[in-house]
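Colleague: compute the structure for the input listed below.
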Amino acid sequence: MLGATFLLALREIRRHLMRSILTTLGIIIGVAAVVTMVTLGNGVTASVQDEISSLGSSNFIVFPVRVDNGPVRQFELDDVEAVEQQIAGVEVAAANVGASATAFYNGQDWDTRVTGADTNFLEAQAIDVVEGRPFTSDEEASGQNVCLLGPKVREAIFLPDVSPIGEEMRLGDVPCTVVGVLEERGQGGGGADDDDTVFMPLKTVQRRFRGSDNIDYFVLKYNAAYSASVIQDSLIDLLRERRVLQGDAANDFNIIDTAQVNDALSSVTGALTAMVAVIASISLLVGGIGIMNIMLVSVTERTREIGIRLAIGALAREVRLQFLTEAVVLCAFGGLVGLLLAFVASVSLAGVIDVPFVFDPTINIFSFLFASGMGIVFGYYPARRASQLDPIDALRHE
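Modeller: You can find the predicted model right below:
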């Protein structure tokens with residue numbers, strides 16, 4: 001019986017093909033909008049998480065700030081060493097200092113950023129060396145002229161088929177030997193391109209580029225088994241003591257917890273995605289109302305046919321099932337086309353806004369089932385009305 005009813009539903013839909021397609025437009029647009037928005041939202045969330053992960057996980061980033069319009073008090077390497085040695089739970093503390101320079105090699109030049117750091121910094125930020133090696137402890141301690149290239153710098157001044165390892169290049173007036181190439185990391189915090197940088201030992205950059213022992217900021221990686229809030233409180237107390245901040249004096253430094261930033265941004269992007277999806281789902285309800293409207297029209301057009309079926313022995317539930325089936329088939333067809341449209345739109349738009357395409361089977365399956373279920377919700381009243389027609393009155397209908 002179900003098979004025969006399904007075939008009858010397909011026959012009626014095919015008889016009015018254009019009307020059926022126009023009727024399902026609301027469902028198609030609704031499903032496509034919801035799935036596309038959720039997919040792009042997931043892509044944006046993944047992109048944000050990738051950017052935050054470039055700062056490392058279970059990390060604090062500590063940098064000086066201006067207080068009461070006074071000068072910024074820079075940190076020194078002794079502060080970083082004190083943090084690593086005196087705070088329980090801190091695994092690594094690593095300083096960072098930066099400068100701008102032009103990289104030269106074999107007649108090619110490229111404006112880039114020179115970053116002074118050590119292997120502890122690479123570990124804390126989870127930066128891998130994919131070719132060559134990191135700095136040795138002797139190179140760091142003596143401040144030798146060695147460097148690690150970011151992928152964009154390598155691409156800009158070296159030929160693709162030439163290994164830069166062991167080659168001599170210049171950063172401004174400072175010569176350096178390339179000992180390694182860093183992994184590709186993409187966009188980083190503050191909009192900076194993490195691939196457009198050259199790493200050198202901290203002391204080298206301090207001496208040759210900055211002319212001082214100050215550092216810009218430092219990163220500490222803590223053991224996840226320890227409480228982040230306890231470590232942060234200990235960090236604040238230690239830095240206030242070392243910087244002689246007494247009483248109610250404001251902190252002249254700021255601390256960023258990368259785990260909290262990641263959670264906060266994920267929550268915000270998730271909430272925005274949900275809000276946009278709810279707004280887009282309104283078109284699904286509009287599409288459902290369109291299904292109900294066209295099914296009521298269909299009942300009116302086929303009143304005489306319904307009367308004949310009832311008169312020759314068809315049961316009311318069979319008539320009701322036929323119209324319900326037609327409504328569900330229409331909605332399911334609209335849902336399927338909407339999913340295909342959403343896939344194409346999501347892939348295209350993800351490339352345009354430069355976020356990864358993240359396929360979510362849950363939202364796809366849910367949207368299809370929800371669209372199909374709307375056929376039952378909005379098709380039930382027309383189907384019930386058709387099943388309750390009086391055969392005599394229906395046969396008299398012109």
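Colleague: and the longest strand belonging to the chain, how far from the chain's centre?
Modeller: Determined from DSSP state E, the single longest strand within the chain is strand 90-105. Relative to the mean C-alpha coordinate of its chain, strand 90-105 is positioned 28 Å out (CA atoms, centre = their mean, to the nearest Å).
Colleague: and what of stretch 81-97?
Modeller: Chain-centre distance of stretch 81-97: 31 Å, with CA atoms, centre = their mean.
Colleague: quick one: mean pLDDT over that stretch.
Modeller: The predicted model assigns stretch 81-97 a mean pLDDT of 90.
Colleague: export it to PDB, keeping only CA atoms.
Modeller: Coordinates of the C-alpha atoms in stretch 81-97 are reproduced here as PDB (Å, rounded to 0.1, in the frame of the first residue of the first chain):
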ATOM      1  CA  GLU A  81      64.400  33.400  34.300                       C
ATOM      2  CA  ALA A  82      62.800  34.200  37.700                       C
ATOM      3  CA  VAL A  83      59.300  33.200  36.500                       C
ATOM      4  CA  GLU A  84      60.700  29.800  35.200                       C
ATOM      5  CA  GLN A  85      62.500  29.000  38.400                       C
ATOM      6  CA  GLN A  86      60.200  30.300  41.100                       C
ATOM      7  CA  ILE A  87      56.700  29.500  40.000                       C
ATOM      8  CA  ALA A  88      55.500  25.900  40.400                       C
ATOM      9  CA  GLY A  89      53.800  24.400  37.300                       C
ATOM     10  CA  VAL A  90      55.800  26.600  34.800                       C
ATOM     11  CA  GLU A  91      57.500  24.200  32.300                       C
ATOM     12  CA  VAL A  92      59.000  26.800  30.000                       C
ATOM     13  CA  ALA A  93      59.400  30.600  30.000                       C
ATOM     14  CA  ALA A  94      60.800  32.200  26.900                       C
ATOM     15  CA  ALA A  95      61.500  35.800  25.900                       C
ATOM     16  CA  ASN A  96      60.900  37.400  22.500                       C
ATOM     17  CA  VAL A  97      62.200  40.500  20.900                       C
END
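Colleague: list the buried residues of that stretch.
Modeller: Using 16 or more other CB atoms under 10 Å as the test for burial, stretch 81-97 gives 82-84, 87, 89-90, 92-97. Quick note: C-beta positions are derived from backbone N, CA and C, even for glycine.
Colleague: now stretch 223-238
Modeller: Neighbour-count burial for stretch 223-238, counted by 16+ other CB under 10 Å, picks out 226, 228, 231-232, 234-235.
Colleague: show me which pair in those residues is furthest apart.
Modeller: Spatially, the most separated pair among the buried residues of stretch 223-238 is 226 and 235, at 11.8 Å (CB to CB).
Colleague: any common contacting residues for those two?
Modeller: Both residue 226 and residue 235 lack any common contact, where contact means CB atoms under 8 Å, 6 or more residues apart in numbering.
Colleague: any weak-confidence spans in the stretch 101-250 of the chain?
Modeller: Scanning the stretch 101-250 of the chain for pLDDT under 70 picks out 186-192.
Colleague: what segments of it are helices?
Modeller: Remark: helices of the stretch 101-250 of the chain, listed N- to C-terminal, are 119-124, 137-142, 151-157, 202-205, 228-242; assignment by DSSP state H, counting those that start in this stretch.
Colleague: between those helices, which one is closest to residue 196.
Modeller: Set against residue 196 and scored by CB to CB, the helices of the stretch 101-250 of the chain come closest in helix 151-157, at 4.4 Å.
Colleague: other SSEs contacting the longest helix belonging to the chain?
Modeller: Using DSSP state H, we find that the single longest helix of the chain is helix 258-301. In terms of contact count using 3 or more CB pairs under 8 Å, 6 or more residues apart in numbering; DSSP states H and E, helix 258-301 is assigned the packing partners helix 17-23, helix 25-53, strand 59-64, helix 316-352, helix 361-387.
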